[in-house]
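Participant: Curious how this folds, go ahead:
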Amino acid sequence: MNKKIRLLQVIPDMGTGGAETGCKHIAEYISSTCEFSSIMTSRGSQLDSISKSVKIFKWPTSKNIFFIIFNIFYILFLISKYKINIVHTRSRGPAWSCYFACKLSNTKLVSTFHGTYNFRSDIKKFYNSIMIRSDRVIAGSNFIFNHIHSNYNSKINIDLVKRGIDESYFSPSQIQEIEKDNLRKEMGFSDKNFLVLLPGRLTNWKGQKLFIESAITLKKQDQLSNIFFIILGDSQGRIQYENSLRDLIESNKMIDKIRIVKPMQNMPLAYAFSDLIVSASIEPETFGRVSVEAQSMEKPILSSAIGGSLETIKPEKTGWLFDHNSKEDLAKNIYNISKMSKAALESLGKEGRKNVIENYTKDKMCLKTLEIYQSLV
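Facilitator: Sure thing, here's the model as predicted:
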């Protein structure tokens, strides 16, 4: 019989990103099985909504060498005090602290690759390599699985655990028609407007500039008609970048066609009131959570043909892929989709949710992760 799992996950912050959401899902799943679950992190908005059964250790985590060394001893303290037998790290800086703490205490270490990272130098590659020094290494998609093998030791034993979302939360059944109608009216849109939504934090690689440029392209081709563009996201302090986006919109006289709005607490409603969801990343996403959330909400998704979306989207069946970093191809696809019938889009949306239920639920992700933990204790 397996020993009880006593889990410590270590992550720099618990914001709204995919790694943080996955960390929360695992923490709550483990605690729901009456086993000990904890998170060591410095801050984060998701801490307010996490289950009270998950123990939180708010502590500075950083890639600063001082914190890396100091946190070895803090993690050792947590391992000893709370009888931790699994440490799960999700970021490179804290991973170094976790690695040495686990070696010194003979505790099992799991790591999850949440990005491709960069290889500007041998030193950087060595720094990144800490993520493959664990007892078990998790890749969240085939894209990341192949990335690890092609850039590191090809003999590494990697566990493929597809990321998952809460399909009961991202469900069209949770949203009433009146909620969608009210939000459209509140934002000044009619039910005849075709709304294209780009959700995600405001940062260059998420493709907001490309999204705006695609709208400008449609305007030049006199194809905007009833199409409106919405950028939904927080700048997270990148004020200069946000201002550059607003300047681009204003200089092209597109204020009436493109909105930049603050994040919504109710993301299912944001998806539901839109007609098309776009993921325009110019660099590969590890998983592409937006693409999966949109499908779960039975919404058509148009995504860059790179990274995780190549796996999560079935072209022409649950969504579409466009040539990444091509404003022309993005614009062409948006226009063509806007001309499709409502029935065709709804049919595609239902196939999207079916795809999520079969492959990308949080319970599937959590169960497979639990099996990895159990194999170590």
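Participant: contacts, neighbours, all on C-alpha from now
Facilitator: Noted.
Participant: Okay, and residue 77 sits in which element?
Facilitator: In the assignment (DSSP states H and E), residue 77 maps to helix 65-82.
Participant: Show me what counts as buried in that helix.
Facilitator: 67-69, 71-76, 78-79 (16 or more other CA atoms under 10 Å).
Participant: Likewise for stretch 87-102?
Facilitator: Burial within stretch 87-102, assessed by neighbour count using 16+ other CA under 10 Å, is assigned to 87-102.
Participant: With stretch 158-173 instead?
Facilitator: Neighbour-count burial for stretch 158-173 flags 158-167, 169-172 (criterion: 16+ other CA under 10 Å).
Participant: For those, give me TSV that also has distance to residue 370, secondary structure and pLDDT.
Facilitator: Converted to TSV, these look like this (distance: CA to CA, whole Å; DSSP: H, G, I helix; E, B strand; the rest coil; pLDDT from 0 to 100):
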residue	distance to residue 370	secondary structure	pLDDT
158	15	strand	93
159	12	strand	96
160	13	strand	95
161	11	coil	96
162	13	coil	94
163	14	coil	93
164	14	coil	95
165	16	strand	95
166	17	coil	95
167	19	coil	97
169	22	coil	96
170	23	coil	98
171	25	coil	98
172	29	helix	97
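Participant: helix/strand/coil for residue 329?
Facilitator: Each residue gets one of three states, and residue 329 gets helix by DSSP: H, G, I helix; E, B strand; the rest coil.
Participant: which residues touch it?
Facilitator: Residue 329 is in contact with 322-323, counting by CA atoms under 8 Å, 6 or more residues apart in numbering.
Participant: ok, it to residue 277 distance?
Facilitator: Distance of residue 329 to residue 277, given as CA to CA, to the nearest Å: 15 Å.
Participant: And residue 60, by the same measure?
Facilitator: Taken as CA to CA, the span from residue 60 to residue 277 is 36 Å.
Participant: With neighbour numbers in mind, choose between these two.
Facilitator: residue 277 (27 against 15; other CA atoms under 10 Å).
Participant: would that one count as being in a strand?
Facilitator: Yes: counting by three-state DSSP, residue 277 is part of a strand.
Participant: is it true that it touches residue 299?
Facilitator: Yes: with contact defined as CA atoms under 8 Å, residue 277 and residue 299 form a contacting pair (6.9 Å).
Participant: so where is the stretch 101-250 of the chain shaky, pLDDT-wise?
Facilitator: Segments of the stretch 101-250 of the chain classed as low confidence (criterion: pLDDT under 70) are 118-120, 153-154.
Participant: all strands of it, in order?
Facilitator: When secondary structure is read from DSSP state E, counting those that start in this stretch, the stretch 101-250 of the chain shows strands at 108-113, 136-139, 158-160, 194-199, 227-232.
Participant: The ones you listed: which one's closest to residue 322?
Facilitator: Distances from residue 322 to each of these were compared using CA to CA; the shortest belongs to strand 194-199, at 14.4 Å.
Participant: Would you mind pulling up the elements that that closest one packs against?
Facilitator: Strand 194-199 is packed against strand 227-232, strand 276-279, with contacts defined by 3 or more CA pairs under 8 Å, 6 or more residues apart in numbering; DSSP states H and E.
Participant: Pick the most deeply packed of the ones you listed.
Facilitator: Across the helices and strands packed on strand 194-199, the average number of neighbours (mean count of other CA atoms under 10 Å) peaks for strand 276-279, which reaches a mean of 26.
Participant: which other residues reach the very next helix or strand once past it?
Facilitator: Of the helices and strands lying after strand 276-279 in sequence (DSSP H and E), the nearest is helix 289-296. Helix 289-296 is touched from outside by 18, 165, 167, 170-172, 199-200, 271, 277-279, 300-303, 309, 312-313, 318, 349-357, 360, with contacts defined as CA under 8 Å, 6+ apart.
Participant: CA atoms of helix 289-296 as CSV?
Facilitator: Extracted in CSV, the C-alpha atoms of helix 289-296 (Å, rounded to 0.1, in the frame of the first residue of the first chain):
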residue,chain,number,x,y,z
ARG,A,289,-4.7,27.4,-22.3
VAL,A,290,-6.8,30.0,-24.2
SER,A,291,-7.3,27.6,-27.1
VAL,A,292,-8.6,24.9,-24.7
GLU,A,293,-10.8,27.2,-22.6
ALA,A,294,-12.4,28.6,-25.8
GLN,A,295,-13.2,25.1,-27.0
SER,A,296,-14.6,24.2,-23.6
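Participant: Which parts of the stretch 201-350 of the chain are helices?
Facilitator: Taking DSSP state H, counting those that start in this stretch as the criterion, the stretch 201-350 of the chain carries its helices at 208-220, 239-251, 267-272, 289-296, 309-312, 327-338, 342-359.
Participant: As TSV, these with distance to residue 9 would be great.
Facilitator: Formatted as TSV, the entries for the helices of the stretch 201-350 of the chain read as follows, by distance: least, CA to CA, whole Å:
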stretch	distance to residue 9
helix 208-220	32
helix 239-251	32
helix 267-272	26
helix 289-296	21
helix 309-312	26
helix 327-338	39
helix 342-359	24
